[in-house]
Every structure is written in structure tokens, then in C-alpha cells.
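Engineer: just the structure for this:
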Amino acid sequence: MTGTVPHEDIRLIATDLDGTFLGAGGRLVPRNVEAVRAAAARGITIVVATGRPYRWTDVIDPLADIHPLLLSSNGAVIADPATGRVLHHWPIDPADGLAFGAALVRRVPDAGFAVEFASHGWGADARYVAAHPEGEPDLVAPLADLMAFDDVVKLLALSPSTHTEALAAAAVEPAAGRIDPTFSFVRDEGLVECSAPGVSKASALKVVMAERGIDSGQAMAFGDMPNDLPMLRLVGHPYVMANGHRIMLEAGFPIAGYSDDGAVGAVIDRMLHIAGPRRP
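Structural biologist: Next up is the predicted model:
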């Protein structure tokens, strides 16, 4: 079922990218773009919250004129795309990252690792590169060397022999108290994304909301995968995509519709039509 569009003033709209705001092939959906432009014109803060690293978010460059805020690497980085400035970032403790990696390899021997830095690229170990040859990291080195940097905001674990959900399950015990694992897509070659404890799209969105005096009842959010779950639980008006992961579809959120159909834009359009002009 689809959710009831709120009548009260919404002051912030947050949306995931892949599988939510973007359509097939990672393309911008015109209806979504038009809707967030209309919302921004009414003074509503637009937030893009993605698992993608900052370096891989140029897909939203066409929205630069409405000044969206960017929560990248699953909320480990808050950036202003208009200026290129990183406003906040939350790094992973090097010792915790190393301990997690060692413990995971004992359970998943073919696991390889990569890291995302706050603003200057990424690195990976040889096993990760061998399993994921499409990427070209800025640095290839053992995990111990990668974690020696003080601005590692995301640690990725990849296993060519382990399905994503099985890899995520295997990561739970090694991660306990050290890092927070999640995943943003499902495939046979499993990939788990890890942040510092307590860091998520929700934690970053809380910072944005607090800085602007916005409460949960004034915030709307859209997502499709488990890495969106804390964010949807935070806001007063959450929507899950019809093409979302079963965990999301079973969470009881209103269903927006399909990402390819511009469902994010459709919900925003209905909200703007019902709400009318923003009050001063």
C-alpha cells in the first residue's frame, strides 16, 4: 500500500540515491528532479543520503543550484557539494578496523578489504582488487597500512564466494563493539560496508536536523535497503520503495512506489499539493 501524504509543513526531505532517487542504470529520474526543485523553492532542505563515497556522487551535479546537503559513505561524511567542503566526518578507529578484519578473515578466508577516505580517494588490499578488478584504487596495500590513515570513514569487506546476506551475518560478531556493518545491495559476490560505531545515515541526519532546528515530525525520508533503515526510523514521514529489500518492506513503512517510476517525486508532489505554500 502507499502511505498517506502528510498535511503539515515538511522542512526537510532526505533521499537515498541508488534504488530510490535514481532509476535503472543510475540515471536521474526527471519527475524526482522536478519535485525536489519544487520543494527547495519552498524553502525545504534537500538532503541526499547515500552509501556512495563522496568521490562518486557527481550524479547529483545537476542539482547543484538547489544546494542539497550530501551525506555520503552511509553518513560518515557530511559535505556541501556546492563548495566541495567536507563539513563533518567520523573516522573508524584504526585498531578497531584491523581487529574486525582479522576476525572476519577467520570466518571468511577469502575476504578482501577496501577503505574510503573522507575526501581524497580510496584504497584496497590485493585480495579486494583481484575480486573487484573494475575499480582502480588510489592505493593498494595491506589493511594494516590502509588503516594507518586517520580519516578512514568506510571499511568494505568483499567475498567472491559468500552472498551479501551471509557475509553480513558473518560480520556481526567480528564487528561487535568495533564498527557498524550494513549493506546497500545484494549479490552473490558479497559486499559489506562498515562505519564507526553509531555512525549511519540517521546519525548524520540528526546533526543536520539539529543544526537547523528541525524535528522528526518535519522530516521526510526515502530509502530501499537496510542501510536506510535507521534513517527511516528517525523521521516522522518515512517511505520505502516498492523495489526495496524484504527487510525494508517488512518494517511497516508506507510504500512510495518503484524507483524507476519516479515514486519519490510522486510522493513529494502530493505533499506539496496538499501542504500549499510554505508559511513564513
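Engineer: which strand or helix spans residue 167?
Structural biologist: When elements are assigned from DSSP states H and E, residue 167 belongs to helix 164-175.
Engineer: tell me which strands whichever helix or strand comes after that helix pairs with, and in which orientation.
Structural biologist: Scanning forward in sequence from helix 164-175 by DSSP H and E, the next helix or strand is strand 180-182. Next to strand 180-182 in the sheet, as set by DSSP bridges, lie strand 191-195 (antiparallel).
Engineer: now the helix or strand just after the strand it pairs with against strand 191-195, angle please.
Structural biologist: For strand 191-195, the succeeding helix or strand toward the C-terminus, using DSSP H and E, is helix 201-212. Relative orientation of helix 201-212 versus strand 191-195 (axes from the mean of the first three to the mean of the last three C-alpha atoms, to 10 degrees): 40 degrees.
Engineer: and the angle from whichever helix or strand comes after helix 201-212 to helix 201-212?
Structural biologist: Sequence order places strand 219-223 as the next helix or strand after helix 201-212, per DSSP H and E. With the same axes, to 10 degrees applied, the angle from strand 219-223 to helix 201-212 works out at 160 degrees.
Engineer: now do strand 219-223: distance to the chain's middle.
Structural biologist: 12 Å (C-alpha atoms, centre = their mean, to the nearest Å).
Engineer: start the count at 250, not 1, going forward
Structural biologist: Yes, from this point I'll number from 250; that puts the last item at strand 468-472.
Engineer: just the buried residues of whichever helix or strand comes after it, please?
Structural biologist: Once strand 468-472 ends, the next helix or strand along the chain (criterion: DSSP H and E) is helix 478-483. For helix 478-483, the neighbour count (16 or more other C-beta atoms under 10 Å) marks 478-481, 483 as buried. Heads up, the C-betas are built off the backbone N, CA and C, glycines and all.
Engineer: name the SS class of residue 393, please.
Structural biologist: When classified by DSSP: H, G, I helix; E, B strand; the rest coil, residue 393 comes out as helix.
Engineer: would you mind confirming that it is in contact with residue 346?
Structural biologist: No. Residue 393 lies out of contact with residue 346 (C-beta atoms under 8 Å); the separation is 9.4 Å.
Engineer: ok, of the buried residues of helix 478-483, which one's closest to residue 385?
Structural biologist: residue 480 (30.6 Å; C-beta to C-beta).
Engineer: my guess is the closest one contacts residue 457. True?
Structural biologist: No. With contact defined as C-beta under 8 Å, residue 480 does not count as touching residue 457 (11.0 Å).
Engineer: out of the buried residues of helix 478-483, what pair is the most spread apart?
Structural biologist: 478 and 483 (9.8 Å).
Engineer: picking that back up, looking at residue 393 and residue 346, which is more packed in?
Structural biologist: Comparing residue 393 with residue 346 by other C-beta atoms under 10 Å, the one with more neighbours is residue 346, at 23 against 13.
Engineer: please, where are all the strands along the stretch 300-449 of the chain?
Structural biologist: Ranges of strands in the stretch 300-449 of the chain, per DSSP state E, counting those that start in this stretch, are 318-321, 326-329, 334-338, 361-366, 371-373, 388-389, 401-407, 429-431, 440-444.
Engineer: output those in JSON lines, with mean pLDDT, distance to residue 271 and mean neighbour count appended to each entry.
Structural biologist: Shown next, in JSON lines, are the strands of the stretch 300-449 of the chain (pLDDT from 0 to 100; distance: least, C-beta to C-beta, whole Å; neighbours: other C-beta atoms under 10 Å):
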{"stretch": "strand 318-321", "mean pLDDT": "98", "distance to residue 271": "14", "mean neighbour count": "26"}
{"stretch": "strand 326-329", "mean pLDDT": "97", "distance to residue 271": "18", "mean neighbour count": "22"}
{"stretch": "strand 334-338", "mean pLDDT": "96", "distance to residue 271": "23", "mean neighbour count": "16"}
{"stretch": "strand 361-366", "mean pLDDT": "97", "distance to residue 271": "20", "mean neighbour count": "25"}
{"stretch": "strand 371-373", "mean pLDDT": "97", "distance to residue 271": "21", "mean neighbour count": "22"}
{"stretch": "strand 388-389", "mean pLDDT": "96", "distance to residue 271": "28", "mean neighbour count": "15"}
{"stretch": "strand 401-407", "mean pLDDT": "98", "distance to residue 271": "20", "mean neighbour count": "26"}
{"stretch": "strand 429-431", "mean pLDDT": "94", "distance to residue 271": "19", "mean neighbour count": "23"}
{"stretch": "strand 440-444", "mean pLDDT": "96", "distance to residue 271": "18", "mean neighbour count": "26"}
